[in-house]
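*Asks:* Sequence unavailable; structure follows:
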């Protein structure tokens, strides 16, 4: 049994330096690739920031388009009201309390006959 124990102990001793070498080689590989990890992290941050920027831009566009539609509706209603109030019959009703009346005879043209042609 002692020979078996010593053989197992020798195997453990022999394996541990190999494992340590592999661990250090793996660490060297990790350290060697740190700039790549930073690059990937930077790309991920830019990607996330771009997504937030796009969301905010879409919200602003939607709110602006809603505001524009409201302004268009308001413009159309005011324009319709102005057109309605500028009709001759409506205008006559408004100015009647001021003593103004519509003409019953058509207007005539004044011609200056003293001016030579």
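*Replies:* Looks like it came in fine. The model shown is predicted, which means the values in this text are computed figures rather than measured ones.
*Asks:* And residue 109, how far from residue 88?
*Replies:* Distance, residue 109 to residue 88, using C-beta to C-beta, to the nearest Å: 21 Å. C-beta: built from backbone N, CA, C; applies to glycine.
*Asks:* next helix or strand past the helix or strand of the chain with the lowest mean pLDDT?
*Replies:* Every helix and strand of the chain was ranked by mean pLDDT, DSSP states H and E. The lowest is helix 2-32, at a mean of 64. Next along the chain after helix 2-32, taking DSSP states H and E as the criterion, comes helix 34-85.
*Asks:* Residue 87 and residue 101, how far apart?
*Replies:* On the measure of C-beta to C-beta, residue 87 and residue 101 end up 17 Å apart.
*Asks:* In this structure residue 92 contacts residue 103, no?
*Replies:* No - with contact defined as C-beta atoms under 8 Å, residue 92 does not count as touching residue 103 (10.7 Å).
*Asks:* which of these two has more neighbours?
*Replies:* Ranked by neighbour count (other C-beta atoms under 10 Å), residue 92 and residue 103 place residue 92 first, with 12 against 6.
*Asks:* Pull the contacting residues for that one.
*Replies:* When contacts are counted by C-beta atoms under 8 Å, 6 or more residues apart in numbering, residue 92 is found next to 101-102.
*Asks:* make it 6 Å
*Replies:* The contact partners of residue 92, taken as C-beta atoms under 6 Å, 6 or more residues apart in numbering, are residue 102.
*Asks:* For it, give me the pLDDT.
*Replies:* pLDDT recorded at residue 92 is 86.
*Asks:* so which helix or strand takes in it?
*Replies:* Going by DSSP H and E, residue 92 is in helix 88-95.
*Asks:* quick one, that helix and helix 34-85 angle?
*Replies:* Angle of helix 88-95 versus helix 34-85, following axes from the mean of the first three to the mean of the last three C-alpha atoms, to 10 degrees, is 80 degrees.
*Asks:* how deep is residue 91 tucked in, by neighbour count?
*Replies:* There are 13 residues near residue 91, going by other C-beta under 10 Å.
*Asks:* Much appreciated, bye for now.
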